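> Pasting the sequence and the predicted model now:
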Amino acid sequence: MPSSPTATSTRILDTPEPDARLAAYLSRVPDPRKPRGTRYPLRGLLLLAVSAAMAGCRGFTATGEWAARLAASILEEFGLRAAPTESTLRKLFTHLDAAALDGQLCLYAWTRTTTIDERRIIAVDGKTLRGSRSAAARARHLVAALDHASGTVVAQEAVDAKSNEIPALPDLIAALGERAAGAVVTADALHTQTASAEAILAAGADYVFTVKANQPGLLAQLRAQPWKRVPAGHAETEKEHGRITRRALKVIQAPAGLGFPGAAQIAQLRRTVTRGTKKTVEVVYLITSASLPAASPARIAAWTRGHWGVENRLHWVRDVTFDEDRSQVRTGSAPQVMATIRNLAISIHRLDGATNIARATRHASWDPPATCTLLLTL
């Protein structure tokens, strides 16, 4: 789903130089194994795992079977003399530095993201790896940043087992560093927090937050504005799946004394959904640090819709296409590593032009040489 309602200029890198390709980034991931007796290079094993995920493999057993199917010439391109077994991959991923892997893969993905009117629009949202729960530990929870335009994951942070998702957004912005400058970060009401806003502003970026009951004082102030006297700045109607959805967005300058860092504009979004004779109305309030003329009502509406798309473009795909919630991978770093590899597989398919990831994984499984060639050339 595009993040702008009007014609925009987008930019993506051309075919990268060898040192800017995926294999180069994977070479920088620290190897947890002792050098003596190491049979398979880490870069090759990671490339193999990503190619398997691109073909729809959901776990270590399927990945081992995929490796066994690959021709010797393909394995050689990955730097592997033979196909590794399922147990080799499982043991390695259990001890791999998941944060370092995330860091390198997100650096790689960032170089492939597009800009919309010279700004990157980034959606931040969290997901629980439900199958990683055990009797001794809670399920792992990861917060990802998705580029609206390209659908690629450009950052991911693990939530501390003794914490919650809220501190992860400032950590994620810190991990992006200078790359966050000029971006627009969209997030749901959970992240409508002073610390999150301050972190985004300090990075030179803007935020678009939803305001709900977790911020009762702020929500009351937004509701109290004279919205009935404000004309709709942007409206659109959509017909799909047997329903008609009308969205009307009203935007005004943030009132003085709002008490939220950097607030420039506030908005009321009214969604009216009609199915046959049944009509439902939902009113949502938004707050943003972005100001006119760049943050017009039409653009705020597009950013908001683009954020809601993160569920369909990433989390839904990982759950349905890769059956992630039923994965029984639980030990060490393996759950996060496998989630990261799925993120990258989805990102590569999207960079290759895929709009239906399930179809793309089927095609990838039918033609292993083409899949591996794509992986090595992007």
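Nice, I can see it.

> Show me the shaky parts of this protein.
1-19, 131, 134-137, 161-163, 330 (pLDDT under 70).

> which SS state does the nearest residue to Pro369 once chain neighbours are set aside fall under?
Spatial nearest neighbour of Pro369, excluding adjacent residues (C-beta to C-beta, 6 or more residues apart in numbering): Ile74 at 6.2 Å. The way it works is simple: take the backbone N, C-alpha and C, and place the C-beta from them, glycine included. For Ile74, the assignment made with DSSP: H, G, I helix; E, B strand; the rest coil gives helix.

> Show me the helices in this structure, by range?
22-26, 42-54, 60-69, 72-77, 86-95, 98-110, 168-176, 194-202, 216-223, 297-310, 316-320, 334-351, 357-366, 368-377 (DSSP state H).

> Just list the residues touching the residue nearest to Pro369, thanks.
Neighbouring residues of Ile74 by C-beta atoms under 8 Å, 6 or more residues apart in numbering: Pro368, Pro369, Cys372.

> Out of these, flag the one nearest to Pro167.
Pro167 lies nearest to Cys372 out of the contacts of Ile74, by C-beta to C-beta, at 38.8 Å.

> Run a quick neighbour tally on that closest one.
Applying other C-beta atoms under 10 Å, we find 24 residues neighbouring Cys372.

> so it touches Leu80, yeah?
No: at 11.2 Å, Cys372 does not count as touching Leu80 under the criterion of C-beta atoms under 8 Å.

> before we move on, the earlier item: can you put the helices of the chain in a markdown table and add distance to Val273?
Formatted as a markdown table, those follow (distance: least, C-beta to C-beta, whole Å):
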| stretch | distance to Val273 |
| --- | --- |
| helix 22-26 | 42 |
| helix 42-54 | 36 |
| helix 60-69 | 40 |
| helix 72-77 | 49 |
| helix 86-95 | 43 |
| helix 98-110 | 34 |
| helix 168-176 | 30 |
| helix 194-202 | 30 |
| helix 216-223 | 21 |
| helix 297-310 | 14 |
| helix 316-320 | 20 |
| helix 334-351 | 28 |
| helix 357-366 | 27 |
| helix 368-377 | 40 |
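
> Ala235: which of those helices is closest?
helix 297-310 (8.7 Å).

> State the number of residues packed around Arg246.
If we define neighbours as other C-beta under 10 Å, then Arg246 has 16 of them.

> who are the neighbours in contact with it?
Ala235, Glu236, Thr237, Glu238, Arg271, Thr272, Thr274 are the contacts of Arg246 under C-beta under 8 Å, 6+ apart.

> on that earlier part again, of all the helices of the chain, which lies closest to Ala263?
helix 194-202 (8.1 Å).

> Run through the neighbouring helices and strands of the closest one.
Helices and strands touching helix 194-202, as assessed by 3 or more C-beta pairs under 8 Å, 6 or more residues apart in numbering; DSSP states H and E, comprise helix 168-176, strand 206-211.

> how about the nearest residue to Leu22, chain neighbours excluded?
Tyr108 (5.7 Å).

> One more: Leu269?
Nearest to Leu269 is Val284, by C-beta to C-beta, 6+ apart, at 4.5 Å.

> Pull up the gap between Leu70 and Thr63, please.
11 Å (C-beta to C-beta, to the nearest Å).

> Counting neighbours, go ahead and name the busier of the two.
Comparing Leu70 with Thr63 by other C-beta under 10 Å, the one with more neighbours is Thr63, at 27 against 21.

> Spatially, what comes nearest to the more buried one if we skip its sequence neighbours?
Closest to Thr63 by C-beta to C-beta, 6+ apart is Ala52, at 4.1 Å.

> How about the contacts made by the residue nearest the centre of the chain?
With distances taken as C-alpha atoms, centre = their mean, Leu146 lies nearest the centre of the chain, 2.9 Å away. Residues in contact with Leu146, defined by C-beta under 8 Å, 6+ apart, are Ile122, Ala123, Val124, Asp125, Thr152, Val153, Val154, Val310, Arg313, Leu314.

> One more: Thr85?
Applying C-beta under 8 Å, 6+ apart, we find Thr85 in contact with Gly64, Ala67.

> The same query, at a cut-off of 10 Å, please.
Tyr40, Phe60, Thr63, Gly64, Ala67, Ala68, Lys91 (C-beta atoms under 10 Å, 6 or more residues apart in numbering).

> pretty sure the last one is touching Ser333, no?
No: in this structure, Lys91 is not within contact of Ser333 by C-beta atoms under 10 Å, at 11.3 Å.

> picking up where we left off before, need the contacts of Arg246 in CSV (columns: distance to Leu222).
Formatted as CSV, those follow (distance: C-beta to C-beta, whole Å):
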residue, distance to Leu222
Ala235, 20
Glu236, 22
Thr237, 25
Glu238, 25
Arg271, 16
Thr272, 19
Thr274, 26
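
> of these, buried ones?
Thr274 (16 or more other C-beta atoms under 10 Å).

> Can you list which of the contacts of Arg246 are found in strands?
Of the contacts of Arg246, the ones assigned to strands by DSSP state E are Ala235, Glu236, Thr237, Glu238, Arg271, Thr272, Thr274.

> of those residues, closest to Asn164?
For the ones in strands among the contacts of Arg246, the nearest to Asn164 is Arg271 (27.9 Å; C-beta to C-beta).

> ok, now how distant is the closest one from Gln193?
24 Å.

> can you count the residues close to Arg299?
27.

> measure it to His148 for me?
12 Å.

> again with Leu351
From Leu351 over to His148 (counting by C-beta to C-beta), the distance is 14 Å.
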